[in-house]
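Visitor: Sequence plus the predicted model coming up.
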Amino acid sequence: MSLPVEQLGIIAALPGEARALARLRPRGRARLSGGAQLVLSGMGAERAAAAAATLADEGMSVLMSWGTAAAIAPGVDPGALVLATRVFDADGRSWDTDDGWRSTLAAALAPAHQVFEQRLVDTPELVVDAAAKRALYARSGAIACDMESAAIAKVAADRGLAFVSVRAIIDDASMALPAVARAAMDADGRLRPAALLAAMAGRPASMHVQLRALKNLAVAFRAARITLADVAKVVRGEVIA
């Protein structure tokens, strides 16, 4: 089954997440082969909702939340693909995803990747350590979290559009997000060298721990990007090697 990408609107938060589809600057956009439209929204629900509304206004019939997520359930490895069956926001409201899109993507990608068709929960801020992930897992029953999918799902539901969420895992449930990594980037994905240096200077005693965590995070991000590259091939109608 081929995917009807000519009316597909894809919302990604950051340039690094969207690189498998197009090389864009923060808040950029591109028309992809087949007619799909890609918009970089920046991080967070408000920005994602605005980008989704723009694509809906332009006549897109399917909205796709694209990017990375943090695992909050055990057994979900970096590079795993989460194709959410339902997404929840922080208030407990939920929206279903489109069965046709999800099942087609899962069938194409499961032979090569760890694929989960389960719940995804949105959070207003990054979930940065293992204890917070365990608490969110116990509270939500979801296996992963991001910051944009529920906002995009709500726009799709309000406009009567199909919705699908594509999220590759970076950090597993046991990984903490290093403070220096959180300081290094703004909400649009731009590097902040001064903030990074300040964060490093403020934690000299734990710097070796922070640097090791950064290295682990970089390895995990590469795994997520490999997965997203294969999803991009499916969206373009190519065969995964």
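Guide: Thanks, I have it. It should be emphasised that the depicted structure is a prediction, and the values quoted were computed from it without experimental measurement.

Visitor: From residue 12, how far out is residue 74?
Guide: 27 Å (Cβ to Cβ, to the nearest Å). For the C-beta atoms, the positions are set from N, CA and C on the backbone; glycine is no exception.

Visitor: quick one, which of those two is more surrounded?
Guide: residue 12 (29 against 12; other Cβ atoms under 10 Å).

Visitor: Pretty sure that one sits against residue 22.
Guide: No: counting by Cβ atoms under 8 Å, residue 12 does not reach residue 22; the two are 9.4 Å apart.

Visitor: ok, and the closest non-adjacent residue to residue 121?
Guide: Using Cβ to Cβ, 6 or more residues apart in numbering and skipping the chain neighbours, the partner closest in space to residue 121 is residue 142 (3.9 Å).

Visitor: Could you check how many residues crowd around that neighbour?
Guide: Residue 142: 23 neighbours (other Cβ under 10 Å).

Visitor: what about it, which SS state?
Guide: In three-state terms, and counting by DSSP: H, G, I helix; E, B strand; the rest coil, residue 142 is coil.

Visitor: So what does it look like in phi/psi?
Guide: As for residue 142, its main-chain torsions (degrees, to the nearest 10) stand at phi -80, psi 160.

Visitor: Now do it against residue 15, distance only.
Guide: For residue 142 relative to residue 15 (Cβ to Cβ), the value is 26 Å.

Visitor: Can you give the distance from the helix or strand where residue 121 lies to the centre of its chain?
Guide: Taking DSSP states H and E as the definition, one finds residue 121 inside strand 120-122. Distance of strand 120-122 from the chain centroid (Cα atoms, centre = their mean, to the nearest Å) equals 10 Å.

Visitor: as a whole number, average confidence for it?
Guide: Strand 120-122 shows an average pLDDT of 98 in the prediction.

Visitor: mind listing what it pairs with, with the direction of each?
Guide: strand 86-88 (parallel), strand 144-146 (parallel) (DSSP bridges).

Visitor: List the residues that contact residue 150.
Guide: 45, 87-90, 93-95, 121-122 (Cβ atoms under 8 Å, 6 or more residues apart in numbering).

Visitor: which intervals of the protein have sub-threshold pLDDT?
Guide: Judged by pLDDT under 70, the chain has its weakly predicted residues at 1, 180-185, 191-207, 241.

Visitor: quick one, phi psi at residue 65?
Guide: Dihedral angles for residue 65 - degrees, to the nearest 10 - are phi -90, psi 120.

Visitor: Specify the beta-bridge partners of it.
Guide: Applying DSSP bridges, one finds that residue 65 bridges with residue 11, residue 165.

Visitor: List the contacts of stretch 15-25.
Guide: With Cβ under 8 Å, 6+ apart, stretch 15-25 has contacts from 10, 12, 26, 28, 30, 32, 38, 40, 66-68, 189, 221, 225, 228-229, 231-232, 235.

Visitor: Which of those are buried, as a ChimeraX select command?
Guide: To isolate the buried subset of the contacts of stretch 15-25 in ChimeraX, counting by 16 or more other Cβ atoms under 10 Å, use the following:
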select :10,12,32,38,40,66,67,68,189,221,225,228,231,232,235
